[in-house]
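**Student:** Turn this into a model:
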Amino acid sequence: VTPSTRFYDPGYIKIGGVTVRCWRAGGHGSQTFVEAVENSCNPVFAELGADRLGGEKFYHYITRYGFGNQTGVDFPGEAKGLVPVPGKIQWGEVARWANVGFGQGIGITPLQLLSATATIANKGVRVTPHFMKEIRDGQGRVMEEYPVTGTQVIKEETARVFSEVLRSVVVNGSGSLADIPGYRVAGKTGTAQVAEGGRYTDRRISSFAGFAPADDPRIAAVVVLYHPKGQSYGGVIAAPVFRAVVEDALETMGVPRRREPDP
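**Tutor:** Okay, the predicted model is just below:
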């Protein structure tokens, strides 16, 4: 798809024998891909996962972004997460990829989500995350280094275009409460059901993943709120936390604010 590819959402989509419903009663109607991302429209993402991409290609990119594998961070106890494998799915192959398209049927860690977000910011290069840059002895000599290594996941131009899509989510869509004057945040909201005992419950996980400044990224961050009471939309409760933390971080880093409006 391209940013201008059009979809129609009547409020649901039937695909692979299951019905995926939109969070908005009656759906979003006719919308572009950019608008679908702004709206967090599940039927569109289900169609993308199961139909436009399909299991084999979808799985290829999921694993290229690092989901289903350890990131290689220099810290013990990292989990791999859970990613379905094409041809090894026990129920409804098409239905499963439709679910994965909008975030169900897959398990990821916050660090993996942060790594994938940073990949878009890094012009399509996925970098191995590290807590430490180097270890020095008492005389200041470098004893051990943690070099930055990366893998090109998507084309630089594709990453640039999708950065603009994520910026649009903040300017026009569900991520507006994450925006910071002068720093141009790009990112995506998340609101997920918690799975327990083989079924989804009423408990939620709310999140916002993003980076700033969108046109010259200096920092990427993920905010995850587990089992919030009352309001649970990530754009409402996680995005403001992202804004508060990242704004302080950028100021501490000495990143100047830009006063001119978005191009």
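**Student:** what's the closest non-adjacent residue to Glu145?
**Tutor:** If you skip the residues right next to it in sequence, Glu145 has Glu134 as its closest partner in space, 4.7 Å away by CB to CB, 6 or more residues apart in numbering. All C-beta spots, glycine's among them, are computed from the backbone N, C-alpha and C.
**Student:** Helices along this protein, start to end?
**Tutor:** Secondary structure of the chain by DSSP state H: the helices cover 33-39, 42-47, 55-64, 93-101, 110-121, 156-172, 234-237, 239-252.
**Student:** do you know how far the closest residue to Gly72 other than its chain neighbours is from Gly150?
**Tutor:** Counting by CB to CB, 6+ apart, Gly72 lies nearest to Thr128, which is 4.6 Å off, once chain neighbours are set aside. From Thr128 over to Gly150 the distance is 7 Å, taken as CB to CB, to the nearest Å.
**Student:** list the contacts for the nearest residue to Val18 once chain neighbours are set aside?
**Tutor:** Closest residue to Val18 apart from its sequence neighbours, by CB to CB, 6+ apart: Ala95 at 4.4 Å. Ala95 sits next to Ile15, Gly16, Gly17, Val18, Ala50 when contact means CB atoms under 8 Å, 6 or more residues apart in numbering.
**Student:** Might you report the residue contacts of Met154?
**Tutor:** Heads up, residue 154 is Ile, not Met. The neighbourhood of Ile154, defined by CB under 8 Å, 6+ apart, consists of Tyr61, Arg64, Thr119, Gly124, Phe162.
**Student:** Correction: the previous question concerned Val83.
**Tutor:** Applying CB under 8 Å, 6+ apart, one finds that Val83 lies in contact with Tyr59, Ile62, Thr63, Phe67, Gly68, Ile106, Gly107.
**Student:** Would you mind checking those residues for buried ones?
**Tutor:** The neighbour-count criterion (16 or more other CB atoms under 10 Å) marks Tyr59, Ile62, Phe67, Gly68, Ile106 among the contacts of Val83 as buried.
**Student:** Just give me the closest of the residues you listed to Pro43.
**Tutor:** Using CB to CB, the shortest approach to Pro43 within the buried ones among the contacts of Val83 belongs to Ile106, at 17.7 Å.
**Student:** Next one: that closest one from His227, what distance?
**Tutor:** For Ile106, the distance to His227 equals 20 Å [CB to CB].
**Student:** ok, back up a step: I'd guessed the residue nearest to Glu145 sits against Gly140; true?
**Tutor:** No - look at Glu134 against Gly140 with CB atoms under 8 Å: they stay out of range, at 10.7 Å.
**Student:** So for those two, which residue has more residues nearby?
**Tutor:** Residue environment comparison for Glu134 versus Gly140 gives the larger neighbour count to Glu134, 11 against 6, counting by other CB atoms under 10 Å.
**Student:** Can you check the pLDDT for the more buried one?
**Tutor:** In the prediction, the pLDDT value recorded for Glu134 is 92.
**Student:** gap between it and Gly150?
**Tutor:** In terms of CB to CB, Glu134 sits 18 Å off from Gly150.
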